[in-house]
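1. Kindly generate the corresponding structure for this input.
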Amino acid sequence: MAAQVEAETPTYPAPPTLVQVALHGLCPRCGAKTLFSGFATFAPKCSACALDFSGFNVGDGPAAFLTLILGAIVTAAAITLELTLHPPLWLHMLIWIPVTAAGVILSLRAAKGALIAAEYRNAAREGQIDDATDNG
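-> Residues are numbered from 1 along each chain as shown. As a prediction, this is how the structure comes out:
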């Protein structure tokens, strides 16, 4: 009777939540703090569980969404300031340009982390076209 050797699959603790990954830069699989190698640059892979982060495609989505969301908030705040205090244009520029830039840059890391966690959790992959489909 031949002994069957079962391949041991590594067990990981419960995966971190989307918010935990976004705020703390955790690996979406094992929860180690290895998602980023720089401020908003992904590490090539997790040093704890070897999850390859290069297979995920977050692209420019986080920056675009942050720009739109923060742009709406800053616009509303600038209009409110203008209608209540009527500051000069140079003061608007002095306030809102740095606020917008800092808001996008500081929240970019969290947005990228949240998006990669969502991709991992939903097993999102690049779309493919099946040429074998019969249309007739």
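2. wait, what's in contact with the residue most central in space within the chain?
-> Central residue of the chain (C-alpha atoms, centre = their mean): residue 112, 1.7 Å from the mean position. By C-beta atoms under 8 Å, 6 or more residues apart in numbering, the contact set of residue 112 is 40, 42, 58, 62. C-beta coordinates here come from the backbone N, C-alpha and C atoms, glycine included.
3. Ignoring the adjacent residues along the chain, who's closest to residue 67?
-> residue 104 (5.9 Å; C-beta to C-beta, 6 or more residues apart in numbering).
4. same thing with residue 87?
-> residue 81 (6.5 Å).
5. Which of the helices or strands spans that neighbour?
-> Using DSSP states H and E, residue 81 falls within helix 61-85.
6. how about that helix: buried residues?
-> Of all the residues in helix 61-85, those buried under the rule 16 or more other C-beta atoms under 10 Å are 62, 63, 66, 70, 74, 78.
7. residues touching the fourth one, list them.
-> Applying C-beta under 8 Å, 6+ apart, we find residue 70 in contact with 100, 103, 104, 107.
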